[in-house]
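**Q** Sequence and predicted structure, then a few things I'm wondering about:
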Amino acid sequence: MENRRAIEWSEAAWLNPPEAVHADGNDLVVTARKGSDFWRTTSYGFVHDDGHALLTDFPPETAIEVGFVAAFDELYDQAGVLVRVDAENWIKAGVEFTDGVPQLGAVVTRGLSDWSMAPVPEWAGREVTIRVSRSGDAVTVRARVDDEPWRMVRLAPLSPDAEAAAGAMCCAPTRSGLNVRFTSFAATDADAGLHAD
């Protein structure tokens, strides 16, 4: 990718700091707090805005990529990327453990949350990269495992005028002791088009 720049973990700021965080070489190991999550109302009837996210500016016509190891084994363990405008307007995308397997999915929230997912059992324990690309009035979410081809996950609206931040996200809604190893954090140019050539 052109203009790819690694983002130092120290350049970004925590929204809801985790229970613990430490550097391990170039990786960042994060321990999530039990009960942490991002969700607004739909079906469950509750609002959670206490998940952990290490955020940096996300201006138009840029992309953010976050890598992590998907070593999850308890209900709703999750990690990926959060794109945030405010408490009622955000997108989270990544891998979440539910129905007994890792699921690749996204939650798009505009006042109320929605949720889409697809099982990726073969991704368990492997390095996953989530890419959010902001262009025009939209954010395109893509994902891949190791060096396999990118998969389209979601296309979601985001106003070109919105001030947004994006970065690494993890939550542990049901348990304590979830450790997530984040392996990369980078900024690049926005995708040239919605579909691969």
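**A** Received, thanks. Numbers count the residues shown, from 1 in each chain.
**Q** any idea how far the residue at minimal distance from the centre of the chain is from Asp146?
**A** By CA atoms, centre = their mean, the mean C-alpha position of the chain lies nearest to Val81, the distance being 1.5 Å. Using CB to CB, to the nearest Å, Val81 is found at 18 Å from Asp146. C-beta here means a position set from N, CA and C on the backbone, and glycine is covered the same way.
**Q** cool, and Gly167?
**A** Distance check for Gly167 against Asp146: by CB to CB, it reads 22 Å.
**Q** Quick check on Glu11: phi, psi?
**A** With angles defined as degrees, to the nearest 10, Glu11 sits at phi -80, psi -20.
**Q** Was I right to think it contacts Thr56?
**A** Yes. In this structure Glu11 lies within contact range of Thr56 using CB atoms under 8 Å: 6.2 Å.
**Q** quick one: low-confidence parts of this structure?
**A** Applying pLDDT under 70 to the chain flags the ranges 1-2, 196-197.
**Q** related to what we said a few turns ago, verify the contact between the residue nearest to the centre of the chain and Val66 for me.
**A** Yes. With the criterion set as CB under 8 Å, Val81 and Val66 qualify as a contacting pair; they are 4.9 Å apart.
**Q** between those two, what contacts are shared?
**A** Residues within reach of Val81 and of Val66 at once, by CB atoms under 8 Å, 6 or more residues apart in numbering, are Ile130, Gly167, Ala168, Met169.
**Q** Please pick the buried ones from those.
**A** A residue is treated as buried here by neighbour count (16 or more other CB atoms under 10 Å); on that basis the buried members of those are Ile130, Gly167, Ala168, Met169.
**Q** quick one: what helix or strand has the last one in it?
**A** Looking back up the chat, that one is Met169. Secondary structure here is read from DSSP states H and E; on that basis Met169 sits in strand 165-171.
**Q** Could you do the first one as well?
**A** Here Ile130 is covered by strand 127-135, with elements defined by DSSP H and E.
**Q** Tell me what angle that strand forms with strand 165-171.
**A** An angle of 150 degrees separates the directions of strand 127-135 and strand 165-171 when computed by axes from the mean of the first three to the mean of the last three CA atoms, to 10 degrees.
**Q** Adjacent strands (with direction) for strand 127-135?
**A** Take DSSP bridges as the rule and strand 127-135 pairs in its sheet with strand 62-69 (antiparallel), strand 138-145 (antiparallel).
**Q** What lies in contact with the last one?
**A** The one in question is strand 138-145. Where contact means CB under 8 Å, 6+ apart, the residues beyond strand 138-145 that reach it are 70, 81, 83, 91, 93-94, 104, 106, 120, 122-123, 126-133, 150-158, 191, 194.
**Q** Now a PyMOL select for only the buried ones of those.
**A** Filtering the contacts of strand 138-145 down to the buried ones (16+ other CB under 10 Å) takes a single PyMOL command:
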select buried, resi 70+81+83+91+93+94+104+106+120+123+127+128+129+130+131+132+133+153+154+156+158+191
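**Q** taking the contacts of strand 138-145 one by one, which sit in strands?
**A** Members of the contacts of strand 138-145 lying in strands (criterion: DSSP state E): 81, 83, 91, 93-94, 104, 106, 127-133, 151-157.
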